[in-house]
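A.B. asks: Take this sequence and fold it.
(one chain, ligands or ions: 1)
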Amino acid sequence: MAFTQDWFSKNIPVWERLFAPLKGRPNLQILEIGSFEGRSACWLLEHVLTGEGAGIDCVDTFMGSMENAAWGIDTTQLFERFKENTGPWEARVTAHVGASDAVLPKLTRVFDAVYVDGSHTAKDTLSDAVLAWRLLRIGGLLIFDDYGWNLYPDAELNPKPGINAFLHGFNGWFELVHIGYQVAIRKCAAYDATRKNRAPELK
Ligand SMILES: C[S@@+](CC[C@H](N)C(=O)[O-])C[C@H]1O[C@@H](n2cnc3c(N)ncnc32)[C@H](O)[C@@H]1O
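C.D. replies: Numbering: from 1, shown residues only. Below you'll find the model as predicted:
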């Protein structure tokens, strides 16, 4: 395996709970926006996408994010590392090389879960969630990474304002499943004001 970073393992206890009902389900389809070296995708492939016909669509520029350079993270050969790491499950992986705002409008598949972990600016996180929503089946899970990420003093360079904008705008159309360092919601069939999410973070 050719991993140089691990931004994922801390999420495993929450993901084990979130994905328990989906584990091993035939034809399960997951969309990942932001795959980097494939660490989160490999966990899904090993532990969740094990049923007949299951697969993952991975969208990434494979050029890294703006914070990577500041941290001295090597993004050369990123796609090659992703392919090497996901190689054991090659038949279940569809890679889309490009910016999410260009790739997502072209996708036609319906997904059971979407993981938003691409560009971390608020505007891109909001855009990814809006574009992914139409691809998510009713009852499907939308998971945002890095709700608690606070790298930049300018709030709009962090994901949280984008995630909050989405949660406010789509309030009543989803059920809040988890809120912590990550946020997970389940898409509902129709608007229901009684279901509105009143988490303190969204006041
Ligand atoms: C934090 S990493 C993903 C980590 C991965 N999910 C994991 O847990 O191992 C973010 C990724 O998003 C990609 N990215 C950044 N901006 C993007 C954009 N506009 N469209 C698609 N991918 C983007 C970067 O190339 C990087 O690989």
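
A.B. asks: phi, psi of the most centrally placed residue in the chain?
C.D. replies: Nearest residue to the geometric centre of the chain (CA atoms, centre = their mean): Tyr115, 1.6 Å. Main-chain torsions, Tyr115, degrees, to the nearest 10: phi -110, psi 120.

A.B. asks: Contacts only, for it.
C.D. replies: By CB atoms under 8 Å, 6 or more residues apart in numbering, Tyr115 lies in contact with 30-34, 40, 143, 145. The way it works is simple: take the backbone N, C-alpha and C, and place the C-beta from them, glycine included.

A.B. asks: Isn't Trp43 up against Phe8?
C.D. replies: Yes: assessed by CB atoms under 8 Å, Trp43 is found in contact with Phe8 at 6.5 Å.

A.B. asks: Next up, the contacts around Gln29.
C.D. replies: By CB under 8 Å, 6+ apart, the contact set of Gln29 is 54-57, 109-112.

A.B. asks: Same check on Ser35?
C.D. replies: Applying CB under 8 Å, 6+ apart, one finds that Ser35 lies in contact with 41, 58-60, 62, 82, 95, 117.

A.B. asks: which parts of the protein sit against the ligand?
C.D. replies: Residues of the chain lying close to the ligand (CB under 6 Å from any ligand atom) are 7-8, 34-36, 39-40, 59-65, 99-100, 117-119, 124.

A.B. asks: Would you mind finding the longest helix in this structure?
C.D. replies: Taking DSSP state H as the criterion, the chain has its longest helix at helix 122-133.

A.B. asks: Tell me which residues are up against the lowest-mean-pLDDT helix or strand in the chain.
C.D. replies: Here the helix or strand of the chain ranked lowest by mean pLDDT, DSSP states H and E is helix 66-70, holding a mean of 83. Here helix 66-70 makes contact (CB under 8 Å, 6+ apart) with 75, 119-120, 151.

A.B. asks: Which of the residues you listed fall within helices?
C.D. replies: Within these, no residue falls in helices by DSSP H.

A.B. asks: Could you pick out the buried ones from the residues you listed?
C.D. replies: For those, a burial check counting by 16 or more other CB atoms under 10 Å picks out 75, 119-120.

A.B. asks: Dump the residues you listed into a markdown table; add distance to Ala190 and pLDDT as well.
C.D. replies: Shown next, in a markdown table, are those (distance: CB to CB, whole Å; pLDDT from 0 to 100):
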| residue | distance to Ala190 | pLDDT |
| --- | --- | --- |
| Thr75 | 42 | 91 |
| Ser119 | 31 | 97 |
| His120 | 32 | 96 |
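
A.B. asks: With respect to the ligand, which of the residues you listed is nearest?
C.D. replies: Checking the buried ones among the contacts of helix 66-70 against the ligand by CB to the nearest ligand atom gives Ser119 as the nearest, at 3.4 Å.
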